[in-house]
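Student: Provided below are the primary sequence and the corresponding predicted coordinates.
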Amino acid sequence: MDQKELFKKIRRIEIRTKRLVNDLFSGEYHSSFKGQGMEFEEVRQYQPGDDIRLIDWNVTARTGYPHIKKFREERELSVIFLVDASSSGDFGTRERFKADTAAELCAVLAFSAIKNNDKVGMIIFTDRIEKFVPPKKGRAHVLRLIREILHFHPEGTGTDISGALEYFNRVIKKKSVVFLISDFLSEAYMKPLQIANRKHDMIAIKISDPRELQFDNVGLIELEDAETGETLVIDTGSYEFRRDFAARAEEDNFGLRRSLKLINLDFIQIITNQSYIVPLINFFRLREKRH
């Protein structure tokens, strides 16, 4: 992708996601991710309807008129995206690649975060740590994150979620909201994920292509594993193959969802040929109910 095409792609994502943020996600995000507490803002004269528990009796006695204390939410949360850039992300059989979906998800969540005065940062990983972008505020910073996801050329091809979490725990000391965005084609990451979730607010987002969940009958096809390079010829004309493949994919997803639930970690599944709006809205509203 040349620079001109990249710029156009980033601009399209910005326009599309900012509209969603303004119309839908900013308020939902604010309700779902609370700040660290309340800080004093000012004292003003009492108005009908104000909570009498907030009356400042010292100022009221001094002025002869009832005054109340006003507080505002202490925000400035840090939001970190842990983004899997392994080769399996460059896979897409329908409308878009998994990596494109990851970029747009990061954009909509990052614009929601900065609109609520929060900072956003990112760790890109494969089977190694590829890039760390410290948390900052501002539109230019969000556009940089989108560009990094779309244009980044990783050195690794595989996926090591465990290594990414260990690095994250070393470099991010302040409690953060963390979106782990991956297809979760990795192993032995549940323990470090549990450790990270004890300190941070972790959310797992799994991005899948529809072909990873079930096959249509298109006869014999040759598949190549993007991470290992291994090839395999399969017969999608076989009903038994399609049935067993779909059952195994459903079992894997159920197992992941159950394991994450056991460690109290939120989970969102995104399918690349479906809108991510409904799963995100449902996620925000479920969190809001819990608070």
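Tutor: Cool, the structure landed.
Student: For the rest of this, base every contact and every neighbour count on C-alpha atoms.
Tutor: Noted.
Student: so which strand or helix has residue 222?
Tutor: strand 220-224 (DSSP states H and E).
Student: Would you map the strands across the stretch 1-150 of the chain?
Tutor: 37-45, 67-74, 78-84, 119-125, 129-136 (DSSP state E, counting those that start in this stretch).
Student: name the helices or strands packed onto the fourth one?
Tutor: Meaning strand 119-125. Applying 3 or more C-alpha pairs under 8 Å, 6 or more residues apart in numbering; DSSP states H and E, one finds that strand 119-125 contacts strand 78-84, helix 98-115, strand 129-136, helix 139-151, helix 161-171.
Student: And the last one, what's buried?
Tutor: When you say that, I think you mean helix 161-171. 161, 162, 163, 164, 165, 167, 168, 169 (16 or more other C-alpha atoms under 10 Å).
Student: Check which helices and strands that helix sits against.
Tutor: Judged by 3+ C-alpha pairs under 8 Å, 6+ apart, helix 161-171 is in contact with strand 119-125, strand 129-136, helix 190-199.
Student: Now do it against strand 129-136, angle only.
Tutor: Helix 161-171 and strand 129-136 are oriented at 40 degrees to each other (axes from the mean of the first three to the mean of the last three C-alpha atoms, to 10 degrees).
Student: strands paired with the helix or strand just after helix 161-171, and their directions?
Tutor: Downstream of helix 161-171, the next assigned helix or strand under DSSP H and E is strand 177-182. Using DSSP bridges, the strands paired with strand 177-182 are strand 78-84 (parallel), strand 201-208 (parallel).
Student: Adding distance to residue 238 and mean neighbour count, write these out as TSV.
Tutor: Below are those laid out as TSV (distance: least, C-alpha to C-alpha, whole Å; neighbours: other C-alpha atoms under 10 Å):
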stretch	distance to residue 238	mean neighbour count
strand 78-84	33	24
strand 201-208	23	20
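Student: follow-up on the earlier one: export the buried residues of helix 161-171 to JSON lines and tack on pLDDT and distance to residue 215?
Tutor: Converted to JSON lines, the buried residues of helix 161-171 look like this (pLDDT from 0 to 100; distance: C-alpha to C-alpha, whole Å):
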{"residue": "161", "pLDDT": "95", "distance to residue 215": "27"}
{"residue": "162", "pLDDT": "95", "distance to residue 215": "30"}
{"residue": "163", "pLDDT": "95", "distance to residue 215": "32"}
{"residue": "164", "pLDDT": "96", "distance to residue 215": "31"}
{"residue": "165", "pLDDT": "96", "distance to residue 215": "33"}
{"residue": "167", "pLDDT": "95", "distance to residue 215": "37"}
{"residue": "168", "pLDDT": "95", "distance to residue 215": "36"}
{"residue": "169", "pLDDT": "92", "distance to residue 215": "38"}
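Student: Okay, now the unreliable bits of the stretch 151-291 of the chain?
Tutor: Applying pLDDT under 70 to the stretch 151-291 of the chain picks out residues 226, 291.
Student: any chance of the strands paired with strand 177-182 in a markdown table, plus distance to residue 248?
Tutor: Listed next are those as a markdown table, based on distance: least, C-alpha to C-alpha, whole Å:
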| stretch | distance to residue 248 |
| --- | --- |
| strand 78-84 | 23 |
| strand 201-208 | 14 |
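Student: mind checking the longest helix of the chain?
Tutor: helix 239-262 (DSSP state H).
Student: Can I get whichever helix or strand comes after that one in CSV? Just the C-alpha atoms.
Tutor: Later in the chain than helix 239-262, the nearest helix or strand by DSSP H and E is strand 266-271. This file holds the C-alpha atoms of strand 266-271, laid out as CSV (Å, rounded to 0.1, in the frame of the first residue of the first chain):
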residue,chain,number,x,y,z
ASP,A,266,-15.0,-9.6,29.4
PHE,A,267,-15.1,-11.1,26.0
ILE,A,268,-16.3,-9.7,22.6
GLN,A,269,-16.4,-11.7,19.4
ILE,A,270,-16.2,-9.8,16.1
ILE,A,271,-16.8,-11.5,12.7
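Student: Between helix 98-115 and strand 266-271, find me the angle.
Tutor: Going by the same axes, to 10 degrees, strand 266-271 is angled at 130 degrees with respect to helix 98-115.
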